[in-house]
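Asks: Output the structure for:
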Amino acid sequence: MRKYGFMIVFLGLLIAGGFMTAISGAGGIGEFLPILQQSGDAAAATEMIEPWQAEQLFLMIAFILFNIIGIGATLAGIFWLLNRGTKLSQAQEEAEENS
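Replies: Next up is the predicted model:
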């Protein structure tokens with residue numbers, strides 16, 4: 001297994017070196033992985049955001065978090081009530097056995 005570990009490290013170094021060579025040959029990471037920009041309009045651009053888009057994103061994230069927290073609280077309450085009922089029934093059973 002030891003000889004395979006050396007081979008894996010060596011192959012990893014070769015792959016990393018080849019990747020860095022390809023990046024430097026292309027002129028940087030931006031040229032190596034180009035991003036196609038089809039529109040100059042801010043409403044259609046992926047790197048710019050308009051105020052109404054930011055508002056919609058904020059509202060969506062807030063809605064999702066509110067619902068996740070609500071679901072978690074509801075499930076916690078249900079499990080607490082179920083556990084409470086189980087403990088009560090076990091206590092009653094033990095009390096009947098001891099009587």
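
Asks: Could you report the neighbour count for Leu88?
Replies: One way to gauge burial is a neighbour count; for Leu88, by other CB atoms under 10 Å, it gives 10. In short, each C-beta sits where N, CA and C put it, glycine included.

Asks: try Ile23
Replies: As a burial measure, Ile23 scores 15 neighbours (other CB under 10 Å).

Asks: secondary structure class for it?
Replies: Remark: Ile23 carries the secondary structure label helix [criterion: DSSP: H, G, I helix; E, B strand; the rest coil].

Asks: Okay, the residue of the chain positioned farthest from its centre and Glu93: tell me how far apart.
Replies: The outermost residue of the chain, judged against the average C-alpha position, is Ser99 (54.5 Å), by CA atoms, centre = their mean. With distances taken as CB to CB, to the nearest Å, Ser99 is found 11 Å from Glu93.

Asks: Over to Met48?
Replies: Counting by CB to CB - Met48 and Glu93 are separated by 66 Å.

Asks: re the thing from before, what's the spacing between the residue farthest from the centre of the chain and Leu88?
Replies: Taken as CB to CB, the span from Ser99 to Leu88 is 16 Å.

Asks: just how off-centre is the helix or strand hosting Phe79 within its chain?
Replies: Taking DSSP states H and E as the definition, one finds Phe79 inside helix 51-98. Its chain's C-alpha centre lies 22 Å from the corresponding centre of helix 51-98 when counted by CA atoms, centre = their mean, to the nearest Å.

Asks: which SS class is Glu47?
Replies: The three-state label for Glu47, taken from three-state DSSP, comes out as coil.

Asks: Return the per-residue confidence for it.
Replies: pLDDT, Glu47: 70.

Asks: what number of residues lie near it?
Replies: The number of residues packed near Glu47 is 7, by other CB under 10 Å.

Asks: got it, and Ala54?
Replies: 10.

Asks: same deal with Leu14?
Replies: Here the count is done by other CB under 10 Å, and Leu14 has 10 residues near it.

Asks: What distance do you get for it to Thr21?
Replies: From Leu14 over to Thr21 (counting by CB to CB), the distance is 10 Å.

Asks: again with Gln53
Replies: Using CB to CB, Gln53 is found at 39 Å from Thr21.
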